[in-house]
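Participant: based on what follows, work out the 3D shape:
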Amino acid sequence: MRLKGANIRASGEVEAAFAPRAASPSAKSDPQVRRFAQICGVSARGAPKKRAFSRLLLLQRSKTLRAGSSLSEALPVKQPRAFRCGAGPCGDESGEVGMQQMKKMLGLALLASAAAMGVSGVAHAEGAASGNVALTSNYVWRGQTQSDGEFAVQGGFDYVAPMFYAGTWASTVDDFGIGASSELDLYAGFTPTLGPVTLDLGVIGYFYPNANVDSDFVELKVGAGITPIEPLTIKVSAYASNDYLATGGDSLFLEANVGYTISDAFSISGGYGNFDQDTLGNYDTWNIGGTFTYAGFGFDLRYHDTEGLGLDEEFSFTIKRSL
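Facilitator: Residues are numbered from 1 along each chain as shown. Predicted coordinates for the structure are as follows:
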């Protein structure tokens, strides 16, 4: 099965690392053991499921285990939450799961509050609503394909007012081994200015409506941008979550972006970032590309690469139209 630009096979080394201890004859009926097995991606009897590593791959979101990769190459210093739970089940159903739900609800509350306060604050200010649709040859997120290197259909709606924005965006995605077919993002934020610097204080929610494993999570965003000279823009951003992919683990993505407008029809841009997670460690990613605008359409050709995952580089060509 080809996922995230890389083939995955359950090597003996990986199977040995992820196999649980022998279960008792009554383990199958124990709800805590079933919960542990669900998180770890194995059956309650200890035998790997047909898609035994889909949960692990989901934790990384981009399926970084490749055919032929050793466990040490695929798993950096840190381990998934499920394997830091000790010898027994990973907490009881009501405790740990309840805490994860509380974290998610808190994130959603922040998202809703930001949107509500923004709408209230700009009720008397002039704002603009817009939409967009796009077709891309490869949906790449933070250096890793989210569509298995295949085409994806995307689109969204935005509302922008002085010092506030809110919107939604969606894309088709790979199934990630959990039945996912789409991603839905909701976001809102404030953009105050400090002299020549424009701040971006926002909240982003990532949702997978059709997935059969809970994977939704929320990130807080803090960014700052400046235009030192008219054609040049520079922006740095930080994205943080305390429940990445509903695993209960922390994540932090730091990114710097540069854009340069050559003409009204053509611009170039690039970015460099570091993604640190409590699931499988951290990696660096970068991208560079150009965007050409003609007859109301935007054509973007971009190169993406990573360091620390052992994955191949990715290319994407996107055609976008504003509505």
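Participant: tell me where the stretch 101-250 of the chain is predicted with low confidence.
Facilitator: 101-125 (pLDDT under 70).
Participant: where's residue 312, which helix or strand?
Facilitator: When elements are assigned from DSSP states H and E, residue 312 belongs to no helix and no strand.
Participant: report how many residues lie close to it.
Facilitator: For residue 312, the count of nearby residues is 12 (other CB atoms under 10 Å). All C-beta atoms are positioned from the backbone trio N, CA, C, and that covers glycine.
Participant: ok, it to residue 218 distance?
Facilitator: 30 Å (CB to CB, to the nearest Å).
Participant: next one: residue 209
Facilitator: Noted for residue 209: a distance of 16 Å to residue 218, by CB to CB.
Participant: more neighbours, the two?
Facilitator: Just comparing residue 209 and residue 218: by other CB under 10 Å the higher neighbour count belongs to residue 218, 25 against 11.
Participant: so the more buried one bridges to which residues?
Facilitator: For residue 218, the beta-bridge assignment (DSSP bridges) gives partners residue 205.
Participant: also the one 4 residues further on?
Facilitator: With DSSP bridges as the criterion, the beta-bridge partners of residue 222 are residue 201, residue 238.
Participant: neighbours around it, how many?
Facilitator: 14.
Participant: also residue 224?
Facilitator: 15.
Participant: hmm, it is touching residue 198, no?
Facilitator: Yes - Residue 224 is within contact range of residue 198, at 7.2 Å (criterion: CB atoms under 8 Å).
Participant: what's the burial count for residue 299?
Facilitator: Using other CB under 10 Å, residue 299 has 14 other residues around it.
Participant: same question but for residue 231, I mixed them up
Facilitator: 12.
Participant: nearest spatial neighbour of it, skipping sequence neighbours?
Facilitator: residue 261 (4.5 Å; CB to CB, 6 or more residues apart in numbering).
Participant: pop out the phi and psi values for that neighbour.
Facilitator: phi -90, psi 110 (degrees, to the nearest 10).
Participant: separation between residue 297 and residue 132?
Facilitator: In terms of CB to CB, residue 297 sits 11 Å off from residue 132.
Participant: now for the two: what residues contact both?
Facilitator: Residues touching both residue 297 and residue 132 (CB atoms under 8 Å, 6 or more residues apart in numbering): 320, 321.
Participant: looking at these two, which is more packed in?
Facilitator: In this view residue 297 and residue 132 are compared by other CB under 10 Å, and residue 132 has more residues nearby, 16 against 12.
Participant: show me what contacts the more buried one?
Facilitator: 155, 156, 157, 158, 320, 321, 322, 323.
Participant: could you tell me which of these count as buried?
Facilitator: Among the contacts of residue 132, those buried by neighbour count (16 or more other CB atoms under 10 Å) are 155, 156, 158, 320.
Participant: ok, now which ones touch the third one?
Facilitator: It refers to residue 158. So residue 158 contacts 129, 130, 131, 132, 165, 166, 167 (CB under 8 Å, 6+ apart).
Participant: switch to 10 Å and redo it
Facilitator: Residue 158 is in contact with 127-132, 165-169, 187, 322, counting by CB atoms under 10 Å, 6 or more residues apart in numbering.
Participant: nothing else from me, thank you.
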